[in-house]
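1. sequence and predicted structure are below.
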Amino acid sequence: MKKILMALSMLFITFNSSVMAEDAAIINAQADIAVQKFYKNVEGGEAFLNKVKGYIVFPNIYKAGFFVGGEYGEGVLRYNGANQGYYSLTTGSFGWQFGLQKRSMIIAFVSDRALDSFLKSNGWTIGADGSLNVAVWGASKDLSTVSFERDAVAFVFDEAGLMASIAIEGSKIAPIQR
């Protein structure tokens, strides 16, 4: 099963890296806009991001599926007040699924340990080891009141489109050159 997901991911990476590759300046500008949307829509979001050790912003993640699906997005890692590298997020999936969707995601590294672990790795696999909390909150909930159990937290926001699915999927975050 894991091999099938990785094979789907590789096909999707090959297709998307040539079709959807963005210039660093464009990724940076889009990430700035996504962070501003996060601040606007998540009470306490700005204070939270100012406290974390670093974060990756994926401003545009595109997902499509019809039984077999995938998603792809490019983002920037920010820490020490600067852009520090570029990454792709690729997901392969199979199962009952249909639709198209666009969304944004911020992965925040709450601890030095999480940021260091990410920097020393050649990317992360999401969904396999459960090392990432996905934050869910109500529209009126203040993020500063939330206690996170993990060292890294993912925030999904600014969703558009429709995707219906009951599928098995795996995601990979990997460094890219921009």
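-> Thanks, I have the structure now.
2. C-terminal to the helix-or-strand element of the chain with minimal mean pLDDT, what's the next element?
-> Within the chain, no helix or strand scores below helix 2-19, which has a mean of 51 by mean pLDDT, DSSP states H and E. Using DSSP states H and E, the helix or strand that follows helix 2-19 in sequence is helix 24-41.
3. residues of that following helix that come out buried?
-> For helix 24-41, the neighbour count (16 or more other Cβ atoms under 10 Å) marks 27-28, 30-31, 34-35, 38 as buried. (Glycine included, C-beta is placed from N, CA and C.)
4. equivalent analysis for stretch 112-120, please.
-> Under the neighbour-count criterion of 16+ other Cβ under 10 Å, stretch 112-120 has 114-115, 118 buried.
5. and stretch 152-160, by the same measure?
-> 152-155, 157-158.
6. for the closest residue to Ala160 other than its chain neighbours, what are phi and psi?
-> Once flanking residues are discounted, Ala160 sits nearest to Lys102: 4.9 Å by Cβ to Cβ, 6 or more residues apart in numbering. Phi and psi for Lys102, reported as degrees, to the nearest 10, are phi -130, psi 140.
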